[in-house]
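**Q** predicted model and sequence follow; I will ask about them next.
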Amino acid sequence: DLIVHVRDVTHPENVLQKATVLSVLKNLNLPSHLLDSMVEVHNKVDLIEGYKPTEENAVAISALHGHGLEELKQEIEKKILTTTGKKILTINVNLEGPQLSWLYKEATVQEVEVMPEDGTARVKVIIGSSAFGRYKNLFPN
């Protein structure tokens, strides 16, 4: 669903390496949307004082120090959700009904926060548009 290209920005040939990687990827006849949505990661930015990527969609990180990893995670999540047509939603469900079980079968349940006082739960899910449409039809409330 996604290509993540990690570059060592301290390498003297890193621009040539990028061109080589892109050439190889193009020769693999990958779908154009895969190449267009690629996440470029500039690693080892801790070794270059004041480093700012010049590429528009690049994420600067230091894997060694953990700098930029949260931003990278968010970028990967955003691109994967866009590519797969899925969303992250929080849905309130009645625990006495079949909603939670249905969500476990038809979506990816990430978190369940039970509200015992009213017999409900807040459920954080990753769900496709068509599955969410079916959910709303089955459970209109």
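**A** The structure has been received and is ready for your questions. Numbers count the residues shown, from 1 in each chain.
**Q** beta-bridge partners for His42, please?
**A** Arg7, Ala60 (DSSP bridges).
**Q** repeat for Gly128
**A** Lys86.
**Q** hang on, isn't it packed against Thr84?
**A** Yes: Gly128 is in contact with Thr84 according to Cβ atoms under 8 Å; the separation is 7.3 Å. All C-beta spots, glycine's among them, are computed from the backbone N, C-alpha and C.
**Q** shared neighbours, these two?
**A** Common neighbours of Gly128 and Thr84, counting by Cβ atoms under 8 Å, 6 or more residues apart in numbering, are absent.
**Q** more neighbours: which of those two?
**A** Taking other Cβ atoms under 10 Å, Gly128 and Thr84 do not tie; Gly128 has more neighbours (15 against 12).
**Q** so which elements touch the longest helix seen in the chain?
**A** In the chain, with assignment by DSSP state H, the single longest helix is helix 69-84. Here helix 69-84 touches strand 39-43, strand 58-60, strand 86-94, going by 3 or more Cβ pairs under 8 Å, 6 or more residues apart in numbering; DSSP states H and E.
**Q** give me the buried positions along it.
**A** 72, 75-76, 79 (16 or more other Cβ atoms under 10 Å).
**Q** could you chop the chain up by domain?
**A** The record's domain parsing of the chain by the TED database lists 3-83, 85-138.
**Q** let's have these in a markdown table, adding mean pLDDT.
**A** Shown next, in a markdown table, are these (pLDDT from 0 to 100):
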| stretch | mean pLDDT |
| --- | --- |
| domain 3-83 | 94 |
| domain 85-138 | 96 |
